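Trainee: Any chance you can model this:
(one chain, ligands or ions: 2)
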Amino acid sequence: MMLKLFYAPHTCSLASHIALEEAEAAYTTVRVDFSVNEQCSPEYLEINPKGRVPALVTDRGILTESPAMLAFIAQSFPQARLAPFDDPFAFAQVQAFNLYLCATLHVAHAHRMRGHRWADDPAAIAEMQRKVPETVGASYDLIEREMLKGPWVMGDSYTICDPYLFTFAQWLEDDYFPNKVRIAPLEHFPVVRDMVIDQNDFLAKLESIKPYIIPKEGKPVSDGAYRQTPKQMEQYYQYSQCINCLLCYAACPQYGMTPQFTGPAALALLHRYNADSRDQGWSARSELTNSEDGVWHCTLVGYCSEVCPKDVDPAHAINQNKVNSVMDYFGIMKLMTPRSGAK
Ligand SMILES: N[C@@H](CCC(=O)N[C@@H](CS)C(=O)NCC(=O)O)C(=O)O
Ligand code: SF4
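Mentor: Ligands and ions are numbered 1, 2, ... in the order given. Below you'll find the model as predicted:
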């Protein structure tokens, strides 16, 4: 199938353009020149009588309206997995999100430059413009609080919601003016350039906690897999969900003041291995756990767990290791069998 996308730069057509790329579709593009009002030319109105971009020419006819086009692209190229088609509810959630962007956020945004669509009175148009930061801000607030699952809009998988939200987010700074949208590199890390931070310190800390299973004695592969019950897996699963986004380090005042502090994500990962029934590495990690730069540096501020997009709860992991550290000090850890008692 050969597709042709009619687009204009800096418009909502970007979302469909990204989706076509993600789908590895064969397509061509035609630029519609807004500076000469080409979207209202008789030739273009033949393509899209609404006088808008995007429009997608397909073998079966021309499609308009971004959510419809995005779903069409996702469905036409299922191998790209841009939407959950085997799950009617999850697909409806994708549609609900995109339709909210299309029918509410996009319309709120359009009141900034296209007020003439709804009113002729210059005072009414100015009033519509004045309201844009409030209405657009409220939409983003709702999206952030109620809709974003994280790390992608729909959770673990990239979908057609992501390029669509990305497209609108590019207008946010102007829509929200004179309020400020602050885009800054992560706090507490040396800046390499622009938004890029130096992660070397964090990577060294990750390595220092011995982030691998240390079995009591190795067994040959021929002996088969180590078995684990769902309950045993439950002990560490949450802590294995970290995506190393470093938000917890940026939120941690202790790390900001004392960069030697091993910090939330690395200590949560330390707990992930200590809490694994296949692991016997507690004592190998205990020097670091109990040290000045280990769990005792944490003063339980708790922001790390608040900002974590994956619900890892580093504060809880650190607290648990403080308890373990005390037991270790009094020699109780060695007496604990099975080890899961220290989790
Ligand atoms: N609901 C349509 C909206 C399309 C739309 O408003 N496109 C804008 C660009 S973001 C446009 O073509 N504006 C031209 C104009 O208003 O003259 C969609 O989601 O595709
Ligand atoms: S905020 Fe959560 S996901 Fe991000 S690095 Fe910290 S623990 Fe990992």
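
Trainee: which SS class is residue 63?
Mentor: Classification of residue 63 by DSSP: H, G, I helix; E, B strand; the rest coil places it in strand.

Trainee: Can you give me every residue that contacts it?
Mentor: 55-56, 69, 72 (Cβ atoms under 8 Å, 6 or more residues apart in numbering). Where you see a C-beta, it was placed from the backbone N, CA and C, and this is true even at glycine.

Trainee: same deal with residue 67?
Mentor: Here residue 67 is in contact with 95, 98-99, 101-102, 164 (Cβ under 8 Å, 6+ apart).

Trainee: Tell me the one of the contacts of residue 63 nearest ligand 2?
Mentor: residue 69 (33.3 Å; Cβ to the nearest ligand atom).

Trainee: Where does that closest one sit: helix, strand or coil?
Mentor: Assigned by three-state DSSP, the conformation of residue 69 is helix.

Trainee: Output the below-cut-off pLDDT ranges for the stretch 101-250 of the chain.
Mentor: The stretch 101-250 of the chain contains no residues with pLDDT under 70.

Trainee: Now do the strands in it.
Mentor: 191-193, 196-197 (DSSP state E, counting those that start in this stretch).

Trainee: What about the contacts of residue 63, which are in helices?
Mentor: 69, 72 (DSSP state H).

Trainee: Say whether ligand 1 is contacted by the top helix by length along the chain.
Mentor: Assignment by DSSP H gives helix 122-142 as the longest helix of the chain. No - contact of helix 122-142 with ligand 1 (Cβ under 6 Å from any ligand atom) is absent, the minimum separation being 14.0 Å.

Trainee: Which other helices and strands does that helix contact?
Mentor: Packing partners of helix 122-142 (3 or more Cβ pairs under 8 Å, 6 or more residues apart in numbering; DSSP states H and E): helix 106-113, helix 172-176.

Trainee: Packing partners of the last one?
Mentor: Same thing as helix 172-176. By 3+ Cβ pairs under 8 Å, 6+ apart, helix 172-176 packs against helix 106-113, helix 122-142.

Trainee: what sits against the residue most central in space within the chain?
Mentor: Central residue of the chain (Cα atoms, centre = their mean): residue 151, 2.6 Å from the mean position. With contact taken as Cβ under 8 Å, 6+ apart, residue 151 is in contact with 243, 245, 309-310.

Trainee: mind checking the end-to-end distance for stretch 204-224?
Mentor: Start and end residues of stretch 204-224 are separated by 33 Å (Cα to Cα, to the nearest Å).

Trainee: which other residues reach that stretch?
Mentor: Residues from elsewhere that reach stretch 204-224 (Cβ under 8 Å, 6+ apart): 226, 244, 262-263, 265-267, 269-270, 273, 276, 278-281, 284-285, 288.

Trainee: Which of these fall within strands?
Mentor: If you go by DSSP state E, the contacts of stretch 204-224 have nothing in strands.

Trainee: Quick one, which of the residues you listed are buried?
Mentor: Taking 16 or more other Cβ atoms under 10 Å as the criterion, what is buried in the contacts of stretch 204-224 is 262-263, 265-267, 269-270, 273, 276, 278-281, 285, 288.
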